[in-house]
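Trainee: I'd like to go over a predicted model; first the sequence, then the structure.
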Amino acid sequence: MISETKIRRLTDKGVEEFRSYLSALHSGTKDPPPHLLLNDPKHSETVENGVIVSDRHFNSRLEAAIYLDGVLSGIKTDAIETDVHLWSWLSLFYFEQVCPLEKNGMRRPGRDYRHILEPGYRYGHNHLLCGAYLVYTIHGLKDKLSALLLHTPLNVESGFHHQLAQRQNFISNKGIMEAAYLLYFDVKRQRPKPGSSFRKNPGNLFRFIDVLQQFDLTYDLYSMSGPEILRILPYEFDKWKERRFFLNSTS
């Protein structure tokens, strides 16, 4: 496996070969990833203004999103978030991290759209690399707010990412995403607060979603900041609020 190279795109044939490998993994193969596709001219092609990408280890999806944002900014394109061939190439390049080898020698790739981008709102956010990139860049959550959704290893989609990113009126609303961050993110531990996505706990993530979907009928949530949204939440959410937000709701 190469450690550093210019970014390329898989060709249609390359994508199909990659898809065939994913299918073989589901059938129990222990064959290594087809990394030869990455630079084989029959299966991949150069990218105009191609930039160098490194096979570095990422501690979280957020770390990967930050790195890819910097790297991909050097590529001249208007629709990088829908470039199936580019993201498929990147998935194969980072396959040891997006689909790591388990102790039994097997890999669990999950659905193909985790590795081969399916553009559009329904499945686009499920791509392990592009989904993280979308949260960080296209939706503009950047370092702070992205942390709630992207704290997991590269091969794991967090429940917060799955539940919030699939709802366009949530992920595109900075106030809602800020409110979720203020409620549920443990800054010291750099991960969600324990039990915050457990359905039986009052004021959990799923209640947050239900309540705001109801409030959307009577409030202009797009015009509200995170602290303003916290103020209108029912008392059951108080256990998740930090004391400083009770004292200063405009912070």
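Mentor: Right, received. Where do you want to start?
Trainee: all contacts plus neighbour counts: C-alpha atoms, from now on.
Mentor: Noted.
Trainee: which residues touch the nearest residue to residue 122 once chain neighbours are set aside?
Mentor: With CA to CA, 6 or more residues apart in numbering as the criterion, residue 122 has its nearest non-adjacent residue at 7.1 Å, and that residue is residue 166. The contact partners of residue 166, by CA atoms under 8 Å, 6 or more residues apart in numbering, come to 121-122, 125.
Trainee: Likewise for residue 8?
Mentor: By CA under 8 Å, 6+ apart, residue 8 lies in contact with 38-39, 44-47, 50, 86, 89.
Trainee: Going through those, which ones are buried?
Mentor: 38-39, 44-45, 50, 86, 89 (16 or more other CA atoms under 10 Å).
Trainee: Could you measure from the residue nearest to residue 122 over to residue 147?
Mentor: Per CA to CA, to the nearest Å, residue 166 is found 17 Å from residue 147.
Trainee: can you check residue 113 too?
Mentor: 23 Å.
Trainee: quick one: which of these two has more around it?
Mentor: Shown here are residue 113 and residue 147; by other CA atoms under 10 Å, residue 147 has more neighbours (25 against 18).
Trainee: Just the buried residues of the host helix or strand of that one, please?
Mentor: Using DSSP states H and E, residue 147 sits in helix 142-149. The neighbour-count check on helix 142-149 (16+ other CA under 10 Å) flags 142-143, 145-149 as buried.
Trainee: ok so, going back, from the buried ones among the contacts of residue 8, which has minimum pLDDT?
Mentor: Lowest in pLDDT among the buried ones among the contacts of residue 8 is residue 50, which has 77.
Trainee: Can you say which helix or strand has that residue in it?
Mentor: Residue 50 belongs to no helix or strand, assigned by DSSP H and E.
Trainee: show me what contacts it?
Mentor: 6-8, 74-75.
Trainee: again, only using 6 Å
Mentor: By CA atoms under 6 Å, 6 or more residues apart in numbering, the contact list for residue 50 reads 6-7.
Trainee: And for the one 3 residues further on?
Mentor: With contacts defined as CA under 6 Å, 6+ apart, residue 53 is in contact with 4-6.
Trainee: Are any of these buried, and if so which?
Mentor: Buried members of those, counted by 16+ other CA under 10 Å: none.
Trainee: Please report the confidence value the model assigns to residue 171.
Mentor: On pLDDT, residue 171 comes in at 94.
Trainee: Let me see the ranges of the helices in the stretch 51-200 of the chain.
Mentor: According to DSSP state H, counting those that start in this stretch, the stretch 51-200 of the chain carries its helices in the segments 61-72, 84-93, 95-98, 130-133, 142-149, 159-165, 168-171, 174-184.
Trainee: and residue 45, that's in a strand?
Mentor: Yes: per DSSP: H, G, I helix; E, B strand; the rest coil, residue 45 lies within a strand segment.
Trainee: Tell me who's in contact with it.
Mentor: Residue 45 neighbours (CA under 6 Å, 6+ apart): 8-9.
Trainee: Repeat that for residue 106.
Mentor: Residues near residue 106 by CA under 6 Å, 6+ apart: residue 30.
Trainee: How about the backbone phi and psi for it?
Mentor: Phi and psi for residue 106, reported as degrees, to the nearest 10, are phi -100, psi 160.
Trainee: For it, give its distance to residue 20.
Mentor: 16 Å.
Trainee: Quick one: distance of stretch 165-185 to the chain centre.
Mentor: Remark: stretch 165-185 is offset 14 Å from the chain centroid, using CA atoms, centre = their mean, to the nearest Å.
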